[in-house]
Structure formats: structure tokens, C-alpha cells
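Enquirer: next one to model:
(one chain, ligands or ions: 2)
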Amino acid sequence: MISTPPLQTQNPADYLKRYYGYDRFRPMQEAIIQSILSGRDTVVLMPTGGGKSVCFQIPALMLPGVTIVVSPLIALMKDQVEALHMNGIQAAYYNSTQTSREQRDIEAACQKGTLKLLYVSPEKLLTESFFHFLKQINISLFAIDEAHCISSWGHDFRPEYTQLHVLKEQFPHVPTIALTATADKLTRQDIATGLGMVDPAVFVASFNRTNLSLQVLPGQNRLQQIIRLLQQKPNTSGIIYCLSRKSTESLAAKLQEKGFSAAFYHAKMDPDDRTKTQEAFLRDDVRIMCATIAFGMGIDKSNVRWVIHYNLPKNIESFYQEIGRAGRDGAAAQTVLFYSFADVATYKEMLAENNPANLGLQLAKLERMQQYADAHTCRRQILLSYFSEELPEPCGNCDVCRDPRVTFDGTILAQKALSAMIRTGERVPMNLLIDILRGSRSQQVLQAGYDQIKTYGAGRDIRFEDWRNYLHQLINIGVIEIAYDQHYALRRGILADQVLYGGRKIDLVRPDDAPKPVVEKPRTKTESQRDELFERLRILRKQLADEQNVPAYVIFTDTTLEDMARQKPTTPDALRNVSGVGERKLQLFGKQFLDEIVGYVRGRVQAGEKPKGATQLLTLDLYNRGLSIDEIAAERQLTSGSVASHLVQLSKSGYDIDLASLIDPYERQEIEKVIGVVGLEEGRLKAVYEYLGGKYDYAKLTLVAGLL
Ligand code: ADP
Ligand code: ZN
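Expert: Residues are numbered from 1 along each chain as shown. Ligands and ions are numbered 1, 2, ... in the order given. The predicted model follows:
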């Protein structure tokens, strides 16, 4: 089997490599870990997928005692504990679904000190009996996950969280780490005070998720556009957020009809169905989830490759949280927002009906969302500025950056539209207004006498569809408004008077430059080979996941499979170099994945290519079939020296090859003696050979040298 050296170190990076298989910390992770190790209370604000877990899990591994992790969702605890086990870390969760026997076992493991992490809900934590138990064990750290739940400002307030200050009162010497993906300042302040922290170290990571691409598409023909997008992404998982329950159901049905693996999810479903649907998505049995925003809370699935918003979200916070569910594993993920002003209209109507106390605030937030959708400048800069973070350069990974918009001075065009609108008493809807502008002789125009007004036909030179496009732009920037309560008549927007009389200039985008679906570039040969291997690895991962009854990403993330497909490791050591392959997973799954890659490489050899490492693999095959060095050499038409050197290299890179059995012990002794005299620096094997007067061939010398 694959051998694992013991870990004797106080260096957090060694733990990262050993247990998680990662070579480097992400920004701030190491500083956060050092802060905890120094005993300081610590607050961590990091976006979803930023890598918060290792910030408390590595201190938990390094410190004596057990770390108590407070987490609000029982479903998530189970996933996290499973993932920890897969990494070879002793962890458990404690909740009321367990038998008292199970609970006693966990308590015993804490007392013995074998458990490193114990997950518990705040309700359970705050019971008297649990406190009694906590007093008897050695606690290394309290980690408060989803710490924003403490703040009544936040979107996810949980009253039990406000009781957590008793931890500091009862255990003043145990450091506390609080983690959240919610960035706003009020929440941050509430966390530190609410937990009774003393002078905490606060770490605010960048909220920029560079691996998420951003794209806004026009909200027409959404279904067709979605189908086109999905066809470019076979076998990937993603979420389509819809506004209404009904549309989740109908969209899922339409996608199923087209042969996609789709399901729907919303709050009014039968709870059993809901759990089943969610589980199927986690397990990659269903690929596409059409859902309301009820879906996503408490979902840790790391390989969501894309998120589509079928409708405009209500505000940027929700939007950012929802797209944040894509690409948690750090691999590239796509986000698409369909934008149509009808959605804005629907929200405004809903708001007007409900007339909430903070109506003004909600409208303002909706407007910021609309500005994002409507932007002609880098979208990521807009998002980040909303969260008070500056991005000095345009991002290069949004549709505006990739496909810069050319704007022109549209002031006169806007004035023509406004003038026609005003002269018709702000009573006509969009299509009729365009008819007037284009000088149509339709019955509707003539009957009302609109052919008599001054601007009749003033916009003849512009096509009907283009006018629609410009008017939408003018609506989106506030020059024109839609009177929803007046049969959708167009009327003056807040900027109208400035455009007409105040000398305000308006920039418009040519309809051809308006957002259009991105066409993926054809794959190069290397890329499609990588895709092919990735696909094989993905299928293997799914098999193993089903056997183990866990979600696929718990075995390896997409990033790890991508790295494997790129590096094509054919030896255990090379597999160790793949990001995300820790020691435990190497033990558990290393052989299966190596076999798959080796099989792939062999196929390439048969196809007449010479991939890296292939020659050694062919030697290994023959060795495993019981051939001697000389037989392998004859079969492969190589010198026996080359074959011996392959075997030495294979053994050094982690394969189980018994080199000693390939050479007689007396001969080995004699050769070792000569090597002791002559030395073994670069190229000295020839000197050893000559010293022995050619008594032993290079194969034997190579083996002995390899054994030293
Ligand atoms: P969060 O809790 O902040 O949403 P996670 O802790 O779940 O994020 O981490 C997100 C993903 O990033 C996980 O797949 C995790 O294994 C991975 N990850 C964390 N730290 C690193 C690192 N230093 N290098 C590479 N991947 C990492
Ligand atoms: Zn950009």
C-alpha cells in the first residue's frame, strides 16, 4: 500500500498539506491560525468559499483538547463531520437525533482527548446538562460558525445566538473564533460585543470571488438562452433561481423535456420531497435545480459550476449571496443574470401593495441592483463598491470587461422620445410611442391624431427593435418611467427634465453592443484530452461517492480533479502533489484514481503518443505480471539498466516494489562496499562498474544504488 510518514511539527502549513492536501494557505488563513494559537479572540469575515473551515480546524488539530464548533444547521454539521473524517480528522456532532448511547460515546471520546472537533447547535450547547459536560473536558477553542446569526441587523437572526456570551463568562481562558460571510459593519460590531470578546483580532478578507464570472443577459427568450448555456456545460451542476414557485416547476419541466437532468425546489413543497430533491442535487443525481431563493441555505456543495438568475434579485446582498453558492471549490464558475425591466415592475408592484415600513430603503436597494444589471462598466467593481471594497482595475472576468461596450451620445434620441411622450400626454405605452416616432400610419396612430404632433416621424431612421432597446435603456437609467397603474403608459422619469432642459447628456449603447450570450471557444487538443480524463475521473468519483454514501465533492473537489487531469500523476508521490490530495484520501482512494489515470495514459501510448511517465508505467505493468528485469528488458527492447532504473524511480515515487528481492544479498554487499570506496555522485556508476572489472551489469549496480 501507499506509505505515510508520521507528522511531527508545529508548522500549520504541514497540517494543511497532510490533512487537506493543499500546498499554500490562502490570504489571511495563516495569520488567523496564528492569532488563535496565540490565544487571542478572533473575528473572521470571509466570503463563502473563502476557506473559513481550516482557520479553526487546523488550530483544533494543533492544540491539546477538543474544539467546540457552534453551527446553526444540523444538516450541515453532518456533511462537515463526514468531510473531516475523509480527511482523517477525529470529529463528531452532538444533537438530539442521537441515542443516549451515541452521546455517551462522544462524551467519552472528549474526555479521553481523542476527539479534535465537536459540532453542536446553539440550543444544545446552552442546555444545563451540556454545560455540565463541558466543565469536565479540556476545551481548546470555541468556534462560532455563521456568527452573523447573532445580529438582529442581519438577514438570518437567531435568538439563541445572543445567549452565547455565557461561553466567555464561563470559560474566560478559552479563545473564541467567530466566522461569517456577512460583511457589513453593524453585524461585525454585534458579533464581537455579543460574544463578549475582549479586544479581538478582526480579519476582513476580500469579498472578491475572482473565480466567478459575471454576466448579464437580456431577459428575452430566456428558455432558449438557458438551453444554449447548458449545452455548453454538460455534466455540471448548477442552480437556476426563479422568482415564483410556479416558474421553478414549469422551467424544470421544460428542461426535462429537453433531456436535461433537472428538478425544482421551493418552500411550499412537501418536506420529504424537499429533502429528497436537495439530497439528489448534493449527490449529483440531479444536475440542475430550478429553485426559489429558499434553496441554498445550508448547502455546502462545492461543485456548483454555475448559477443563473432567471429573474432580477431584489438587492445586491441577496444576489451576491446566491451567486456565492457557485464555485466554492475555487474552480472557475459562471454566473448569469437575466435582466428585464418587467421584473423591476413586479417588485415595485409587490412593494407598493405590501407598503412595508422601510419601503424607501427597499426601493433604493432595488435600484442599485438595477444599476448593476444595466452597467456599462466593470460589474465586479460595482459589486465590490457596494460592499465598500475597492477594486482598482476592471476585473477582466465579467461580460463588460470581456466585451467592452461602445457608447454614443444619445441625448437627442432621448429628447425625441421624451418630446413625443409629453406631446401625447404621457398616455401611450411603448409600442405605440415607437409607432409615432417612426411615423407609422397605423389605425391606432391616425385615429388618435398622433400624426399631427410635432415629433411624429422624428425617429424614422431607427428600426423598431432598436427603438425598443433604446427605450429600455432610457427606462433603466431613469429618464423614462413606466406607469404600471396606467396601462403601462410611458411617462417622465426622474432624469427627464434634466435631459430636456438641464443640458444633461445621456450615453446609450448600440443595440449590437448590448449584452449577448458568450460563445465558448472551441477546445484545443490538450484541453479536450484533459476534459476526457476529467470525465473519467468524475465518473470514478461518483462511483466511490455512492459506495461511501457521501456527496461526490466530499471525495475530491472539482479543482482537485482538474489538477489531476492536468498533471496526470502516475505514481503515489506525484498524486500527493495534486492540490487537495491529503494523506488520508491518498490511502482511501489513491489506488483507484492512479489506476484510472494509468489506464488513460496507457490508452494514449496505444494511440501512438508518448505521454510523460508512460515508459515507466509499461515497465511497472510487466513487473506486476511477474517478469524479471531481463525479461522486461527483452520484451520492451530496452537495456536491463534502464529497466532497473525505472523500478528504482517507481519505488522512490511511492510504488510498492521490493527492490531488495531483485538482487542476491551477497552481490549486494560486494557492490555496496565498492560504492563506499568510489562514491555515488553524479555519473559515478561507471566508475563502480570499472572498479569491479565489469563483474556486475548496470542493472544490478542501479538496484543497489537505489537501495542506499
Ligand atoms: P467557507 O466555509 O469559507 O465557505 P470552506 O472552508 O468550505 O469555505 O472552503 C472552501 C473550499 O476551499 C473547500 O473546498 C476547501 O477545501 C478549499 N480550501 C480551503 N483552504 C484552501 C487552501 N489553502 N488551498 C486550496 N483550497 C483551499
Ligand atoms: Zn469586469
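Enquirer: counting neighbours, what do you get for Asp658?
Expert: 8 (other Cβ atoms under 10 Å). Where you see a C-beta, it was placed from the backbone N, CA and C, and this is true even at glycine.
Enquirer: how about it, phi and psi?
Expert: phi -90, psi 90 (degrees, to the nearest 10).
Enquirer: how close does it get to Leu707?
Expert: 10 Å (Cβ to Cβ, to the nearest Å).
Enquirer: and if you look at Gln220?
Expert: In terms of Cβ to Cβ, Gln220 sits 71 Å off from Leu707.
Enquirer: when those two are compared, which one has more neighbours?
Expert: Legend: neighbour count by other Cβ under 10 Å for Gln220 and Leu707, higher for Leu707 (15 against 10).
Enquirer: enumerate every residue touching the more buried one.
Expert: Neighbour list for Leu707: 659-660, 663, 668 [criterion: Cβ atoms under 8 Å, 6 or more residues apart in numbering].
Enquirer: can you give the distance of stretch 436-451 from its chain's centre?
Expert: 54 Å (Cα atoms, centre = their mean, to the nearest Å).
Enquirer: stretch 270-287 too?
Expert: 19 Å.
Enquirer: show me the domain layout of this structure.
Expert: By the assignment in automatic domain parsing, the chain contains the domains 12-204, 212-401, 407-513, 524-612, 614-708.
Enquirer: distance of the nearest residue to Pro122 once chain neighbours are set aside from ligand 1?
Expert: Of all residues not flanking Pro122 in the chain, Glu160 sits nearest, at 4.0 Å (Cβ to Cβ, 6 or more residues apart in numbering). According to Cβ to the nearest ligand atom, to the nearest Å, Glu160 and ligand 1 sit 21 Å apart.
Enquirer: might one say that Glu160 is in contact with Glu123?
Expert: Yes - using Cβ atoms under 8 Å, Glu160 is in contact with Glu123, at 5.5 Å.
Enquirer: stretch 61-73 and ligand 1 in contact?
Expert: No - on the criterion Cβ under 6 Å from any ligand atom, stretch 61-73 is out of touch with ligand 1, staying 10.7 Å away.
Enquirer: residues in contact with that stretch?
Expert: In contact with stretch 61-73 (Cβ under 8 Å, 6+ apart) are residues 10, 12, 15, 19, 37, 56-57, 59-60, 77, 80, 89, 110, 113, 115-122, 125, 134, 137-146, 149, 158, 161, 164, 297-298.
Enquirer: so what does Tyr488 have for phi and psi?
Expert: Taking degrees, to the nearest 10 as the convention, Tyr488 sits at phi 60, psi 30.
Enquirer: contacting residues around the residue lying closest to it once chain neighbours are set aside?
Expert: Closest residue to Tyr488 apart from its sequence neighbours, by Cβ to Cβ, 6+ apart: Pro429 at 4.5 Å. Counting by Cβ under 8 Å, 6+ apart, Pro429 makes contact with 487-490.
Enquirer: looking at those, which is nearest Val304?
Expert: Tyr488 (37.1 Å; Cβ to Cβ).
Enquirer: what is the burial count for that closest one?
Expert: 14.
Enquirer: that one reaches Glu481, doesn't it?
Expert: No - with contacts counted by Cβ under 8 Å, Tyr488 stays clear of Glu481, the gap being 10.7 Å.
Enquirer: end to end, how far does stretch 264-284 reach?
Expert: End-to-end distance for stretch 264-284, by Cα to Cα, to the nearest Å: 14 Å.
Enquirer: now it: mean pLDDT?
Expert: Average pLDDT, stretch 264-284: 93.
Enquirer: ok, residues contacting that stretch?
Expert: By Cβ under 8 Å, 6+ apart, stretch 264-284 touches 237, 245, 248-249, 251-252, 263, 286-287, 289-292, 294-295, 299, 301, 303, 542, 545-546, 551-552.
Enquirer: likewise stretch 16-33?
Expert: 7, 12-13, 42, 44, 46, 50-51, 54-55, 57-59, 61, 87-89, 177, 203, 205-206, 560, 576, 578-586.
Enquirer: now do that stretch: distance from first to last residue.
Expert: End-to-end distance of stretch 16-33 (Cα to Cα): 11 Å.
Enquirer: now it: buried residues?
Expert: By neighbour count on 16 or more other Cβ atoms under 10 Å, the buried set for stretch 16-33 is 16-22, 25, 28-30, 32-33.
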